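Enquirer: Structure of the sequence below:
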Amino acid sequence: MSPMQGAVDGDTAISIRAYIEGRQRVLRDYLAAISGSAGRLVFSLAYFVVLANALSIAEFGLFATASAAGVMLSRLLAFGFLAPLYRIATVKPRLLGAYTAGFLVMSALSLPVLGAASFGIYLLFFSSDMPLAPFLLVVAAEALLWRPAEAVIVVNNGLGRFGRGALLVILGTAVRALAAVAFALFAPPGLLSWTLFYLAANALSLMLAIAFFYPHRRLRFTPALYAKRLADAVYVAGAEVLFYLQMELDKLLVLALGGPHLAGLYAIVMRLVDLTAIPVRTFSMLLVQKMMQAPDLLSRWSRRLGIEVAIFAVSTLALLALAVILRIFPTILGSNVAEAAPLVILALLVPGLRNLVEYQAELLFARGQTAVRAVNLVLLAGAKAVLLAHVLGAYTAPGDVMIALNGVFAALYLASLALTYTALAMPPKRV
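Expert: Residues are numbered from 1 along each chain as shown. Presented below is the predicted three-dimensional model:
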């Protein structure tokens with residue numbers, strides 16, 4: 001064997017070993033991250049079952065809708081500065097202390113905007129059905145307590161500490177589940193009573209996150225570093241609000257047009273749909289990190305199609321399995337859930353289509369195309385509002401509404417598909 005041939009064989013062996021090690025690392029990271037999703041799935045189900053049966057269906061609908069609004073409003077915190085914080089943790093962790101200080105300062109500056117937006121949402125959707133105090137408690141729990149805890153999770157994920165991020169996800173969900181159990185056993189019934197427990201649970205989660213999970217860095221407020229990233233952060237904040245408006249608009253419209261009881265039935269079904277998204281979001285998070293470093297990762301259509309088919313199949317089969325279980329054992333999740341159980345199978349296509357729209361929005365964030373992402377989400381939110389208003393105006397029976405939802409989400413997926421892959425044909429924006 002010639003020296004040149006030996007060198008080629010050596011390079012080939014090194015390349016194969018590097019490929020195998022890279023695949024093993026990806027698998028290890030996914031398993032570490034999905035462990036958090038598995039734990040979250042278990043505790044989320046326990047939390048949902050306890051709470052859905054501790055509150056009346058109407059109260060659960062009001063809480064779930066207020067929580068959805070709170071999640072949407074929480075994206076205004078720090079004017080989207082969590083996105084630069086995540087990018088820095090992923091690509092330049094030595095600047096984490098400076099960007100953490102920036103996140104804290106921007107969070108304080110965003111509070112008046114967050115307060116005004118919260119009051120506006122309350123007047124628009126909740127004032128006729130829900131007192132102001134429990135609504136504000138829910139928004140505070142989501143925006144001021146859980147959103148900073150999420151910042152700790154995404155920073156750990158950005159640093160590659162997926163195990164720590166997963167553990168914090170599990171702890172946060174477990175704390176909420178324990179709060180629901182304590183409420184069901186010891187507290188006076190009612191929405192206001194539960195929202196106080198919910199606020200306390202999120203406060204405890206945040207304290208645990210800061211004390212035990214945030215990387216120790218010296219805080220350095222450095223405005224010069226933030227200027228070039230602030231515009232992108234504001235774009236992300238706007239896009240995130242629009243994203244969650246597009247995702248949660250159905251709950252708000254069902255409450256506004258159908259009343260609290262229909263909103264409660266709808267919230268129960270959609271909560272079960274949400275459970276199917278947990279493993280998909282873990283996969284999307286890892287893919288986003290890879291695309292930040294390699295924006296052309298999905299340049300091949302075969303890879304794009306394979307991922308979308310897998311997401312749709314996993315999501316649909318998960319809801320189908322749940323619907324079959326509820327068909328055989330309708331009261332397994334409690335009497336309130338049993339009332340909504342027959343509706344689950346009617347929304348069979350919704351989780352796959354909904355998760356695909358969410359996944360496609362993450363692709364644009366990964367490539368730095370935040371402005372395009374915001375425009376797409378405006379268009380999707382407008383389309384969803386029109387389609388849902390038509391459905392809720394045409395149908396009053398919950399079963400008919402659920403069946404029609406499959407068509408609504410199919411139309412939204414096709415629109416998202418066209419908008420997203422048209423944008424992916426453009427050059428990525430380096431952030």
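Enquirer: Show me the helices in the stretch 301-431 of the chain, by range?
Expert: 301-328, 335-344, 350-366, 370-394, 398-424 (DSSP state H, counting those that start in this stretch).
Enquirer: and of those helices, who's closest to Phe221?
Expert: Proximity to Phe221 (C-beta to C-beta) singles out helix 370-394 among these, at 24.1 Å. All C-beta spots, glycine's among them, are computed from the backbone N, C-alpha and C.
Enquirer: and that closest one, which residues are buried?
Expert: Within helix 370-394, the residues that count as buried by 16 or more other C-beta atoms under 10 Å are 370-377, 380-381, 383-385, 387-388, 391-392.
Enquirer: Then stretch 181-192?
Expert: Along stretch 181-192, the positions that meet the burial threshold by neighbour count (16+ other C-beta under 10 Å) are 181, 183-184, 191.
Enquirer: just stretch 405-421 next, same as before
Expert: Applying a neighbour-count criterion of 16+ other C-beta under 10 Å, the buried positions in stretch 405-421 are 405, 408-409, 411-413, 415-416, 419-420.
Enquirer: what's the offset of that stretch from the middle of its chain?
Expert: Per C-alpha atoms, centre = their mean, to the nearest Å, the displacement of stretch 405-421 from the mean C-alpha position of its chain is 18 Å.
Enquirer: Ala179 contacts Thr195, doesn't it?
Expert: No. At 10.7 Å, Ala179 does not count as touching Thr195 under the criterion of C-beta atoms under 8 Å.
Enquirer: show me the contacts for Leu387.
Expert: Neighbour list for Leu387: 408, 411-412 [criterion: C-beta atoms under 8 Å, 6 or more residues apart in numbering].
Enquirer: can you check Leu265 too?
Expert: For Leu265, the residues meeting the contact criterion (C-beta under 8 Å, 6+ apart) are 57, 61, 339-340, 343, 398.
Enquirer: got it, and Val181?
Expert: Val181 makes contacts with Val50, as judged by C-beta under 8 Å, 6+ apart.
Enquirer: Tell me which helix or strand comes right after the helix or strand hosting it.
Expert: Val181 belongs to helix 162-186 when assigned by DSSP states H and E. With elements assigned by DSSP H and E, the helix or strand that comes after helix 162-186 is helix 191-212.
Enquirer: got the angle between that following helix and helix 162-186?
Expert: 150 degrees (axes from the mean of the first three to the mean of the last three C-alpha atoms, to 10 degrees).
Enquirer: so is His216 in a helix, a strand, or just coil?
Expert: Of the three states, His216 takes coil according to DSSP: H, G, I helix; E, B strand; the rest coil.
Enquirer: What separation do you get for Arg281 and Val169?
Expert: Using C-beta to C-beta, to the nearest Å, we find Arg281 at a distance of 10 Å from Val169.
Enquirer: These two: which has the busier surroundings?
Expert: It is Val169, of Arg281 and Val169, that has more neighbours when counted by other C-beta atoms under 10 Å, with 27 against 16.
Enquirer: Would you check how far apart the more buried one and Ile325 are?
Expert: Plainly put, Val169 is 25 Å away from Ile325 if you go by C-beta to C-beta.
Enquirer: what's the answer for Leu159, then?
Expert: Summarising the geometry, the distance separating Leu159 from Ile325, computed by C-beta to C-beta, is 38 Å.
Enquirer: Quick one: mean pLDDT over stretch 413-425.
Expert: For stretch 413-425, the mean per-residue pLDDT is 89.
Enquirer: if we look at that stretch, which residues are touching it?
Expert: Contacting residues not belonging to stretch 413-425 are listed as 298, 304, 353, 356-357, 360-361, 363-364, 367, 369, 372-373, 376, 379-380, 383 [C-beta under 8 Å, 6+ apart].
Enquirer: could I have it exported to CSV, CA atoms only?
Expert: Presented in CSV, the C-alpha positions along stretch 413-425 are these (Å, rounded to 0.1, in the frame of the first residue of the first chain):
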residue,chain,number,x,y,z
TYR,A,413,-51.0,24.7,7.2
LEU,A,414,-51.2,25.2,3.4
ALA,A,415,-50.8,29.0,3.8
SER,A,416,-47.9,28.5,6.2
LEU,A,417,-46.3,26.0,3.8
ALA,A,418,-46.4,28.4,0.9
LEU,A,419,-45.2,31.4,3.0
THR,A,420,-42.4,29.6,4.9
TYR,A,421,-40.8,27.7,2.0
THR,A,422,-40.9,30.8,-0.2
ALA,A,423,-39.0,32.6,2.5
LEU,A,424,-36.5,29.7,2.9
ALA,A,425,-35.6,30.2,-0.7
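Enquirer: mind checking how far that stretch is from the chain centre?
Expert: Computed by C-alpha atoms, centre = their mean, the chain-centroid distance of stretch 413-425 equals 20 Å.
Enquirer: quick one on the thing from earlier: and which of the contacts of Leu387 is nearest to Tyr99?
Expert: Closest to Tyr99 out of these is Leu412 (34.2 Å), distances taken as C-beta to C-beta.
Enquirer: Now Ser56: phi and psi?
Expert: Reported as degrees, to the nearest 10, the phi and psi values for Ser56 are phi -70, psi 160.
Enquirer: Which residues are in contact with it?
Expert: The neighbours of Ser56, taking C-beta under 8 Å, 6+ apart as the test, are 264, 336.
Enquirer: could you measure it against His216, distance?
Expert: When distance is defined by C-beta to C-beta, Ser56 is 46 Å away from His216.
Enquirer: how close does the residue nearest the centre of the chain get to Ala321?
Expert: Residue closest to the mean C-alpha point of the chain, counted by C-alpha atoms, centre = their mean, is Arg281 at 7.2 Å. Distance of Arg281 to Ala321, given as C-beta to C-beta: 19 Å.
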